[in-house]
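# the sequence isn't on hand, but the structure is:
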């Protein structure tokens, strides 16, 4: 089986790594890939957003299955376009992917079908948005409606920050067209958890839970990023809570999407806040998360190709999905300046040291003069598995400390919330 993975980040490296473990796979291609991916797949110089370039390659190369990583090709309709040409592709259709492509649409569906989420309002006029802020006051959350690479969310703890956020998104347009509209939500208190699920028709198989670390600095300080690290499973997400989420959020959402003519097939990502009133939805994504995919797939025991086949052949209900015991922790090593303007072209040293239970997933890397160099804001996702969270933490930070490049920075508290909750050291 020949597989094409679309994308070039840490999530895609993890997907390539996992797909290659299947005995059914003979060749993996990745477009555009990165320096790490190139060591285990053939990288193709086609950007993830070039849907028709990808289509031509898949047809010409006789690709048996295309797995789409990022949100942009999904919201651009890559699944519809490939399927129209008779190609097998894993991901939701364009109209289904809009649950991520438009935060306003997602909120409207949740409101209509009584899926628990924060109170909100949507605005196309910045002055009306500011009036709303002044009426209800902070703290609140100001979100660009469209896709903004995970950075279009500003948590405002005071009115001044909230009003400035409206200007940043709608007037300064730092997120481009994503800022045509803003969604302003009430601020939810609690602990976040990411729940990804395999979905096909009425069948939903949740993956093990994970927790992302969005802020750039330790103790959740500084601006939001695409994610500075993640771990799985999340102790806050108990078996009882998982049943509530499946009953009150996942199943009603998939059913609501079908009722709206947006039948869902693929991976559905629910970003949740566990509040004193119960779990509430912060956002939905229409694909594997990044960096959550790295620790989650590290613990997946079942052949991922088998799961994808079951979804595409409408038999997910008959597919068993097994998980390994233990835990996994991913620490993102970022470029100097990230999430602002960052350095590129810095040589990365220490990648060739073998480490037990550790995988180094490349996110923003390339090769130059035979050396691996930085080429993105989030450079590496160093990921370790262990018998429990503390062991995985120890392993991952030992590995991180042996890797270096100029300007490198990373959070030193990934998974510490889990350690406190478990009451271990």
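Nice, thanks for sending it over. None of these values were measured; they are calculated from a predicted model.
# gap between the residue nearest the centre of the chain and residue 209?
For the chain, the residue nearest the mean C-alpha position is residue 289 (1.7 Å; CA atoms, centre = their mean). Distance, residue 289 to residue 209, by CB to CB, to the nearest Å: 12 Å. (Each C-beta comes from the backbone N, C-alpha and C, glycine too.)
# overlap of the contact sets of these two?
Residues touching both residue 289 and residue 209 by CB atoms under 8 Å, 6 or more residues apart in numbering: residue 194.
# could you say which helix or strand holds the residue lying farthest from the centre of the chain?
Going by CA atoms, centre = their mean, the residue of the chain most distant from its centre is residue 135, 33.6 Å out. Per DSSP states H and E: residue 135 is located in helix 126-136.
# for the following helix or strand past that helix, packing partners?
Moving toward the C-terminus from helix 126-136, the next helix or strand (DSSP H and E) is strand 140-144. Where contact means 3 or more CB pairs under 8 Å, 6 or more residues apart in numbering; DSSP states H and E, strand 140-144 is packed against helix 126-136, strand 153-156, helix 159-166, strand 182-186.
# for these, state which one has the densest average packing.
A comparison of the helices and strands packed on strand 140-144 by mean neighbour count, using mean count of other CB atoms under 10 Å, puts strand 182-186 on top with a mean of 22.
# got the angle for that one vs strand 140-144?
On the basis of axes from the mean of the first three to the mean of the last three CA atoms, to 10 degrees, strand 182-186 is oriented at 160 degrees to strand 140-144.
# so what strands line up beside strand 182-186?
Partners of strand 182-186 in the sheet, by DSSP bridges, are strand 120-123 (antiparallel), strand 140-144 (antiparallel).
# in TSV: those, plus mean pLDDT.
Formatted as TSV, the strands paired with strand 182-186 follow (pLDDT from 0 to 100):
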stretch	mean pLDDT
strand 120-123	93
strand 140-144	91
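# out of those strands, which one sits most buried?
strand 140-144 (a mean of 25).
# so how far is it off the chain centroid?
19 Å (CA atoms, centre = their mean, to the nearest Å).
# the nearest residue to the residue nearest to the centre of the chain once chain neighbours are set aside and residue 290: what is the separation?
Residue nearest to residue 289 in three dimensions, not counting chain neighbours: residue 269, with 5.1 Å by CB to CB, 6 or more residues apart in numbering. Distance check for residue 269 against residue 290: by CB to CB, it reads 10 Å.
# one more: residue 271?
13 Å.
# what residues are shared contacts of these two?
In contact with both residue 271 and residue 290: no residue, using CB under 8 Å, 6+ apart.
# residue 269 and residue 290: who's more crowded?
Per other CB atoms under 10 Å, whichever of residue 269 and residue 290 has more neighbours is residue 290, with 31 against 24.
# so the more buried one sits against residue 225, correct?
No - taking contacts as CB atoms under 8 Å, residue 290 lies outside contact range of residue 225: 11.0 Å.
# what's the angle from the helix holding residue 135 to helix 159-166?
Using the same axes, to 10 degrees: helix 126-136 against helix 159-166 is 160 degrees.
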